[in-house]
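Asks: any chance you could fold what I've pasted below:
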Amino acid sequence: MGEIEADAATPVWTGAVLDRNGTRTAVPVVTGERSDAATGQRWLTADVTLAPLAASDYAIELTIVKGTETLTKLVAVRVTQ
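Replies: All right, here's what the predicted structure looks like:
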């Protein structure tokens with residue numbers, strides 16, 4: 001699971017698992033959000049089940065669209081068996 005700190009105006013985000021060539025895989029990325037009860041801080045979350053993936057290098061692509069601005073983050077993942 002991954003999380004990114006977000007302000008109240010940040011919309012929910014989308015995610016995809018990319019193979020080492022940058023091609024989207026069929027593995028879903030479940031996105032959501034949570035709020036810290038103590039501080040009220042909002043966090044965007046992403047959950048990925050890696051079990052269907054073969055041993056290789058992958059990237060989790062996370063995209064946030066705010067108005068006309070698009071922010072994309074890539075998180076590298078290595079699956080070994």
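Asks: count of residues packed around residue 65?
Replies: By other CB atoms under 10 Å, 14 other residues sit near residue 65. Placement of C-beta: from N, CA and C, glycine included.
Asks: okay, now the closest residue to it other than its chain neighbours: neighbour count?
Replies: Distances taken as CB to CB, 6 or more residues apart in numbering place residue 11 nearest to residue 65, at 6.6 Å, with adjacent residues excluded. Close neighbours of residue 11, defined as other CB under 10 Å, add up to 12.
Asks: and residue 11, how far is that from residue 54?
Replies: 33 Å (CB to CB, to the nearest Å).
Asks: I'd guessed the residue nearest to residue 65 sits against residue 67; true?
Replies: No: using CB atoms under 8 Å, residue 11 makes no contact with residue 67, being 9.5 Å away.
Asks: so which helix or strand takes in residue 60?
Replies: strand 56-66 (DSSP states H and E).
Asks: which other helices and strands does that strand contact?
Replies: Secondary-structure packing of strand 56-66 (3 or more CB pairs under 8 Å, 6 or more residues apart in numbering; DSSP states H and E): strand 2-6, strand 14-18, strand 29-35, strand 42-48, strand 69-79.
Asks: swap in 7 Å and give it another go.
Replies: Packing partners of strand 56-66 (3 or more CB pairs under 7 Å, 6 or more residues apart in numbering; DSSP states H and E): strand 14-18, strand 42-48, strand 69-79.
Asks: out of those, which gets nearest to residue 6?
Replies: Evaluated with CB to CB, the helices and strands packed on strand 56-66 place strand 42-48 nearest to residue 6, the distance being 4.8 Å.
Asks: partners of the closest one, with directions?
Replies: strand 2-6 (antiparallel), strand 29-35 (antiparallel) (DSSP bridges).
Asks: which of those strands has the lowest average pLDDT?
Replies: Among the strands paired with strand 42-48, strand 2-6 carries the lowest mean pLDDT, a mean of 65.
Asks: spatially nearest residue to residue 34, not counting backbone neighbours?
Replies: Using CB to CB, 6+ apart, the closest residue to residue 34 is residue 43 (5.2 Å).
Asks: show me the shaky parts of this protein.
Replies: The model of the chain has pLDDT under 70 over residues 1-5, 7-10, 12.
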